[in-house]
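J.: show me the folded form of this:
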Amino acid sequence: MRNRKKQLLLLLVFVALLFLASGCTSPVDPETKEVIQITSDTTFKYMMANENWFNAFFVFPLAKLVNFLTPYVGVALSVSIVTLLVHLITLVFTIKSTVMTQKMQVIQPEMNRITKKYEGKTDERSQMAQAQEMQRLYKENGINPFGAIISSFIQLPIIMAVYMSVQRAESVVNGTMWGLSLKETPLHGVMSGQWLYLVLFVFMAICQIGSMMLPQFLATQKAKKEAAAHHKKYEKTKQPGGNMMIYMMVFILVISVNWPAAMTIYWAVSSLVMIFKTLFVQFIYIDKK
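T.: Next up, the predicted model:
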């Protein structure tokens, strides 16, 4: 099981590096050192000729949609609409794997129990017995471990495309919200005495932390209810990857103080969408069981 997890992790890292190596980065003007904007004059032909297929097929149409919506609904709402639309589309194709991912959180106590049962046993017979118990647990709960990470593979380039489209859309780069320039970074804005940047940053931080903590919280609540239903005492189990999640949250918060406020809006909206998606899957698919 450990080898399989390592292989899947390496595969995920490889895919991420592959996209980066394919040129999936925002081009920068060599003179101004700023990201090249996608404006009303930018064409698909230009993107294909001067950039790469990823920017042309994914970033370009999303940035164009943001630019189109902004005059009618404003910058913040246009970013929100595009982010929500993309998440809904990806959910249609990844709903099964998304459900499996949350189911993995629910059965984590049982997985920990099996792991603890065979802790320290390295003989082939014990390892085989552990693998069989894990497979039985997956089968009983309708989980395909490999399928649980498919959503990550599909969503990674899409999320990257939305991020880059917001970063490059002319209406966002040159836009304002609450009188704040979306080019400005939260850190520089606060240091300049504009405290609304701090409000925006704190809101984003709350949304981000909530989106990362919610799946674990819901899994714990479900485990408590099931323990009570079977007249058993709930035993708190250590969630694997807990430290990694904390490191990720800290990393995101640290880098977010130095990115443009437009990215803060995008990240907050994306986190809110993730919260609603998690609740939707939990109440419709997990609790319905």
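
J.: quick one: the helices in the protein?
T.: Here the chain has its helices, by DSSP state H, at 2-21, 44-50, 53-54, 60-73, 75-106, 108-117, 124-140, 150-168, 170-173, 186-191, 196-229, 242-256, 261-281.

J.: counting by contacts, list what the longest one packs against.
T.: Contact partners of helix 196-229 among helices and strands, from 3 or more Cβ pairs under 8 Å, 6 or more residues apart in numbering; DSSP states H and E: helix 75-106, strand 180-181, helix 186-191, helix 242-256, helix 261-281. Where you see a C-beta, it was placed from the backbone N, CA and C, and this is true even at glycine.

J.: ok, and for the first one, which residues are buried?
T.: Taking 16 or more other Cβ atoms under 10 Å as the basis for neighbour counts, the residues of helix 75-106 that come out buried are 75-76, 78-80, 82-83, 86-87, 90-91, 94-95, 97-106.

J.: quick one: average pLDDT of stretch 129-136?
T.: Average pLDDT, stretch 129-136: 84.

J.: got the contact list for it?
T.: Residues from elsewhere that reach stretch 129-136, judged by Cβ atoms under 8 Å, 6 or more residues apart in numbering: 1, 111, 114-115, 117-118, 121.

J.: and those, which are buried?
T.: Buried by 16+ other Cβ under 10 Å: 111, 114, 118, out of the contacts of stretch 129-136.

J.: which residue, other than its chain neighbours, is closest to the second one?
T.: The reference is to I114. E133 (4.9 Å; Cβ to Cβ, 6 or more residues apart in numbering).

J.: number of residues surrounding that neighbour?
T.: By the criterion of other Cβ atoms under 10 Å, E133 has 17 neighbours.

J.: do the one 3 residues further on as well
T.: Other residues near R136 number 11, with proximity taken as other Cβ under 10 Å.

J.: now it: how far from K103?
T.: Noted for R136: a distance of 15 Å to K103, by Cβ to Cβ, to the nearest Å.

J.: how about L182?
T.: From L182 to K103 the distance is 39 Å (Cβ to Cβ).

J.: and the two most separated of the contacts of stretch 129-136?
T.: M111 and K121 (16.2 Å; Cβ to Cβ).

J.: re the thing from before, tell me the one of the buried ones among the contacts of stretch 129-136 nearest N141?
T.: Minimum separation from N141 among the buried ones among the contacts of stretch 129-136 (Cβ to Cβ) is found for M111, which lies at 10.4 Å.

J.: what residues does the closest one make contact with?
T.: Counting by Cβ under 8 Å, 6+ apart, M111 has contacts 134, 137.

J.: so where's this protein shaky on pLDDT?
T.: Scanning the chain with the threshold set as pLDDT under 70 gives 1-25, 145-154, 223, 226-244, 288-289.

J.: same thing but 80
T.: For the chain, the stretches with pLDDT under 80 are 1-26, 29, 32-34, 91-112, 119-123, 140-156, 159, 219-249, 285-289.

J.: list the contacts of P186.
T.: Contacts of P186 by Cβ under 8 Å, 6+ apart are 197-198, 200-201, 256-258, 261, 264.

J.: counting neighbours, which of those comes out on top?
T.: Within the contacts of P186, A261 tops the neighbour count with 28 neighbours, counted by other Cβ under 10 Å.

J.: got JSON lines for the contacts of stretch 129-136, with distance to Q216 too?
T.: JSON lines is the format used below for the contacts of stretch 129-136 (distance: Cβ to Cβ, whole Å):
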{"residue": "M1", "distance to Q216": "21"}
{"residue": "M111", "distance to Q216": "14"}
{"residue": "I114", "distance to Q216": "19"}
{"residue": "T115", "distance to Q216": "18"}
{"residue": "K117", "distance to Q216": "23"}
{"residue": "Y118", "distance to Q216": "24"}
{"residue": "K121", "distance to Q216": "28"}
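
J.: between the residues you listed, which is nearest V273?
T.: Using Cβ to Cβ, M111 comes nearest to V273 of the contacts of stretch 129-136, at 28.3 Å.

J.: once you drop chain neighbours, what's closest to V162?
T.: Nearest non-adjacent residue to V162 (Cβ to Cβ, 6+ apart): V86, at 5.3 Å.
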